[in-house]
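1. could you work out the structure for the sequence below:
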Amino acid sequence: MIDSKALAKEVARARRARSEAEDAWCAVEELLWEVGRGPRTWRRLAQVDLHAEAGESEPKQLARIH
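-> This is a model prediction of the structure:
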């Protein structure tokens, strides 16, 4: 006899796994899109991150990179 509760749990777990995989793929697509925009984007992100860690506001020199 088929255990319908166990089957329902397995289906729910498979759906969650699929949803998590789709979310991960979306993150990969976003990263690929950003990389495709060129090195200026990465340079700006790195500078913003450095200044954020230091507790500073966005530096004036970033205006040239935009």
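2. what segments of this structure are helices?
-> Applying DSSP state H to the chain gives helices spanning 4-36, 39-53, 62-65.
3. now for this protein, the helix or strand with the poorest mean pLDDT.
-> Of the helices and strands making up the chain, the lowest-confidence element is helix 62-65, at a mean of 48, by mean pLDDT, DSSP states H and E.
4. for Glu34, see how far away the residue nearest the centre of the chain is.
-> The centre of the chain sits closest to Ala27, judged by CA atoms, centre = their mean, with a distance of 3.8 Å. Plainly put, Ala27 is 11 Å away from Glu34 if you go by CB to CB, to the nearest Å. For every residue, glycine as well, the C-beta is placed using N, CA and C.
5. lowest average pLDDT across the helices of the chain?
-> Comparing mean pLDDT across the helices of the chain, the lowest value falls on helix 62-65: a mean of 48.
6. how much space separates Glu53 from Val35?
-> The value you get for Glu53 to Val35, if CB to CB is used, is 22 Å.
7. hey, which of the helices of the chain is tucked in deepest?
-> Mean neighbour count (mean count of other CB atoms under 10 Å) peaks for helix 39-53 among these, with a mean of 12.
8. as PDB, could you dump the C-alpha coordinates of that helix?
-> Provided in PDB are the C-alpha atoms of helix 39-53 (Å, rounded to 0.1, in the frame of the first residue of the first chain):
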ATOM      1  CA  PRO A  39      35.200  45.800 -15.300                       C
ATOM      2  CA  ARG A  40      33.900  49.300 -14.400                       C
ATOM      3  CA  THR A  41      31.000  47.700 -12.600                       C
ATOM      4  CA  TRP A  42      33.200  45.500 -10.500                       C
ATOM      5  CA  ARG A  43      35.700  48.300  -9.800                       C
ATOM      6  CA  ARG A  44      32.800  50.500  -8.500                       C
ATOM      7  CA  LEU A  45      31.300  47.700  -6.400                       C
ATOM      8  CA  ALA A  46      34.700  47.000  -4.800                       C
ATOM      9  CA  GLN A  47      35.200  50.700  -4.000                       C
ATOM     10  CA  VAL A  48      31.700  51.000  -2.600                       C
ATOM     11  CA  ASP A  49      32.300  47.900  -0.400                       C
ATOM     12  CA  LEU A  50      35.600  49.200   0.900                       C
ATOM     13  CA  HIS A  51      34.100  52.500   1.900                       C
ATOM     14  CA  ALA A  52      31.000  50.900   3.400                       C
ATOM     15  CA  GLU A  53      33.300  48.800   5.600                       C
END
